[in-house]
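Structure, please.
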Amino acid sequence: MLDVFLTVDVEVWCNGWEDLDAKFPAAFRRYIYGPTRKGDYGLPYQLRQLRDYGLTGVFFVEPLFSTRFGPDPLVEILGLIREEGHEIQLHLHTEWVDESNQPLLDNVSRKRQYLRYFSLEEQTILIQTGVLLIESAGAPRVNAFRAGGFGFNRDTLRALNVNQIAFDSSYNASMLGQDSGVSPEMPLVEPVECEGVYEYPMTVFDGGVGGLRHAQLTACSYQEMEGLLWQSLESGRKAFVILSHNFELLNPSMDRPDEIVIERFHKLCSFLDRHRDCFRVRGFHGLMPVSVPLQPAPLTSPVWKTGFRILEQGLLRRLR
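Modelled structure (predicted):
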């Protein structure tokens, strides 16, 4: 049995840092509800579909935006997730730190994109702030974390340990992972204990065209995802971590549903629903952690599947 984590990073952006207060109401509706002429394809759509397939999603919610716009939008987001019975965990995008109406840290006058750019003490404070924001907005105590943009380091794990958060899912071997200071000698692809915290890295794979790619609905085809899941099971892997976002079922302009990604989403959910005897879709609450000190090589996917994805995302998208 392979543990599968369907993780969704929940974020709100105003497409620039000017006139934030004027832009926010429309940005909130666009990013959270995803309205289009064909219906809404944002967070509530994802929540309902997962519920209909009987699958548990892990929603890493970014709360620092609420220090600028007030608690009500965060309460609304958490209410949507809780109503459908999914798991809420903590996500931090530190671009919001200098936008807060009340200073979150001393002497922060400019943007620092990643949590790794803050000291251990500062990271500890920011994570504590995020935990309190989530709890005060009505969610249960979190026990897992993901840094925005995967921009974490060993100090992040130390700060999580201080805040009694047992799990992290910030390591991505295809983005910033290997220069995080966590396992610099080899890429992490399986859970491992570090600094008193259990790291559950993003699942990555080699598609045969150079470099690693992470398991994300917009980054790999359904054929690739299904093959990787079977390969993980057959090779005895412990965890398979999939990434998505609350706005990921929309096109880049966020005015139309992305039919290709939506189809991938439904096929993946259907596959996991049909194969419950092989794949356990779960969250981090109640998880018995595992640690794999000797890390295996990243998964591989045939080049022909990579070629199909390129065709699907290029030619087929233009024809639809």
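
And residue 2, how far from residue 267?
For residue 2, the distance to residue 267 equals 18 Å [Cβ to Cβ, to the nearest Å]. (Each C-beta comes from the backbone N, C-alpha and C, glycine too.)

between those two, who's got more neighbours?
Neighbours were tallied for residue 2 and for residue 267 using other Cβ atoms under 10 Å; the higher tally belongs to residue 2 (19 against 15).

gap between the more buried one and residue 199?
Taking Cβ to Cβ, one finds residue 2 at 18 Å from residue 199.

Ok, residue 245 next?
Applying Cβ to Cβ to residue 245 and residue 199 gives a distance of 21 Å.

what about those two, which has more around it?
The residue with more neighbours, out of residue 245 and residue 199, is residue 199; 25 against 20, by other Cβ under 10 Å.

Show the pLDDT at that one.
The score at residue 199 is 98. That number is its pLDDT.

for it, what are its contacts?
157, 167-171, 182, 188, 191-193 (Cβ atoms under 8 Å, 6 or more residues apart in numbering).

Show the residue spans covered by the strands in the stretch 1-150 of the chain.
Assigned by DSSP state E, counting those that start in this stretch, the strands in the stretch 1-150 of the chain fall at 2-10, 35-36, 39-40, 57-61, 87-92, 144-147.

hang on, the earlier thing: show me which of the contacts of residue 199 are buried.
157, 167-171, 182, 188, 191-192 (16 or more other Cβ atoms under 10 Å).

pretty sure residue 171 is touching residue 179, no?
No. Using Cβ atoms under 8 Å as the test, residue 171 is too far from residue 179 to be in contact (11.2 Å).

Which of the contacts of residue 199 fall in strands?
167-168, 192-193 (DSSP state E).

Out of those, which is nearest to residue 86?
For the ones in strands among the contacts of residue 199, the residue nearest residue 86 by Cβ to Cβ is residue 167; the value is 16.2 Å.

Could you check how far the closest residue to that closest one other than its chain neighbours is from residue 38?
Leaving out its chain neighbours, the residue that sits closest to residue 167 by Cβ to Cβ, 6 or more residues apart in numbering is residue 144, at 4.0 Å. Using Cβ to Cβ, one obtains 34 Å as the distance from residue 144 to residue 38.

okay, these two: which has more neighbours?
Per other Cβ under 10 Å, whichever of residue 144 and residue 38 has more neighbours is residue 144, with 26 against 9.

Touching, that one and residue 90? I think so.
Yes. Counting by Cβ under 8 Å, residue 144 does reach residue 90; the two are 7.2 Å apart.

what touches both of the two?
60, 165.

you'd agree residue 60 is up against residue 92?
No. Between residue 60 and residue 92 there is no contact under Cβ under 8 Å: 9.2 Å.

Of these two, which one has the most company?
Between residue 60 and residue 92, counted using other Cβ under 10 Å, the more crowded position is residue 92 (28 against 25).

Show me the beta-bridge partners of the more buried one.
On the basis of DSSP bridges, residue 92 is bridged to residue 147.

residues contacting the residue nearest to residue 297 when sequence neighbours are not counted?
Leaving aside its sequence neighbours, residue 297 sits nearest to residue 189 (Cβ to Cβ, 6+ apart; 7.6 Å). Neighbouring residues of residue 189 by Cβ under 8 Å, 6+ apart: 173, 201, 203-204, 295-299.

do residue 108 as well
97-98.

quick one on the thing from earlier: next, give me the two most distant ones among the ones in strands among the contacts of residue 199.
Largest separation among the ones in strands among the contacts of residue 199 by Cβ to Cβ: 167 and 192, giving 11.6 Å.

okay, and the common contacts of these two?
198-199.

The closest residue to residue 300 other than its chain neighbours: how many residues sit nearby?
Using Cβ to Cβ, 6+ apart and skipping the chain neighbours, the partner closest in space to residue 300 is residue 206 (4.9 Å). The burial count assigned to residue 206 is 16, neighbours taken as other Cβ under 10 Å.

which stretches of the chain aren't confidently modelled?
Residues of the chain meeting the criterion pLDDT under 70: 208, 303-308, 310, 312-320.

Recalculate using a threshold of 80.
177, 207-210, 301-320 (pLDDT under 80).

quick one, helices of it?
For the chain, the helices defined by DSSP state H occupy 20-28, 43-52, 66-69, 72-83, 120-136, 154-162, 222-234, 259-274, 303-311, 317-319.

measure the residue nearest to residue 297 to residue 16 for me?
For residue 189, the distance to residue 16 equals 36 Å [Cβ to Cβ].

Then residue 101?
19 Å.

and what of residue 134?
Taken as Cβ to Cβ, the span from residue 134 to residue 16 is 26 Å.

Between the two, which is the more surrounded one?
Using other Cβ under 10 Å as the criterion, residue 134 and residue 16 rank with residue 134 on top: 23 against 9.

Correct me if wrong: residue 86 contacts residue 56.
Yes. If you go by Cβ under 8 Å, residue 86 and residue 56 touch, sitting 6.1 Å apart.
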